[in-house]
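K.L.:
based on what follows, work out the 3D shape:
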Amino acid sequence: MNLDNSEYEKLITVYDDFQLESIKNLLDDAKISYEIKTDVTDDSPAIMKELNISGSTIYVPVMSLVNAQEVLNLVLGITFESNDTEK
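P.N.:
Below you'll find the model as predicted:
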């Protein structure tokens with residue numbers, strides 16, 4: 001998938017694996033497709049784990065963005081200020 005493609009929009013960036021897996025499961029249950037881009041730094045793995053500075057950004061189809069936001073809000077209490085999220 002080309003994330004520069006306007007068909008996908010950024011949903012959320014998370015910094016812990018438990019939250020990432022929870023969100024993936026919720027999106028799977030809601031039958032919302034997604035793609036994940038993991039940020040990689042040049043720091044050592046020990047430092048990255050200790051500081052938790054790498055994140056994973058979840059992208060969903062533009063047509064599913066509002067539905068995905070509603071699912072995350074309903075189940076996890078994550079609120080979204082607007083539907084105009086960063087890309």
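
K.L.:
what residue, apart from its backbone neighbours, is nearest the most centrally placed residue in the chain spatially?
P.N.:
With distances taken as Cα atoms, centre = their mean, the residue of the chain nearest its centroid is Ile58 (2.6 Å). Excluding the flanking residues, the one nearest Ile58 by Cβ to Cβ, 6 or more residues apart in numbering is Leu11, at 4.7 Å. Every C-beta, even on glycine, is put in place using the N, C-alpha and C of the backbone.

K.L.:
with Thr79 instead?
P.N.:
Nearest one to Thr79, counting by Cβ to Cβ, 6+ apart, is Asn73 at 5.8 Å.

K.L.:
which helix or which strand is home to that neighbour?
P.N.:
Secondary structure assignment for Asn73, by DSSP states H and E: helix 65-76.

K.L.:
for Val60, same thing?
P.N.:
Counting by DSSP H and E, Val60 is part of strand 56-61.

K.L.:
just checking, what packs against that strand?
P.N.:
strand 8-14, helix 17-29, strand 35-38 (3 or more Cβ pairs under 8 Å, 6 or more residues apart in numbering; DSSP states H and E).

K.L.:
next one: that strand to chain centre, how far?
P.N.:
When distances are taken as Cα atoms, centre = their mean, to the nearest Å, strand 56-61 is centred 4 Å away from the chain's centroid.
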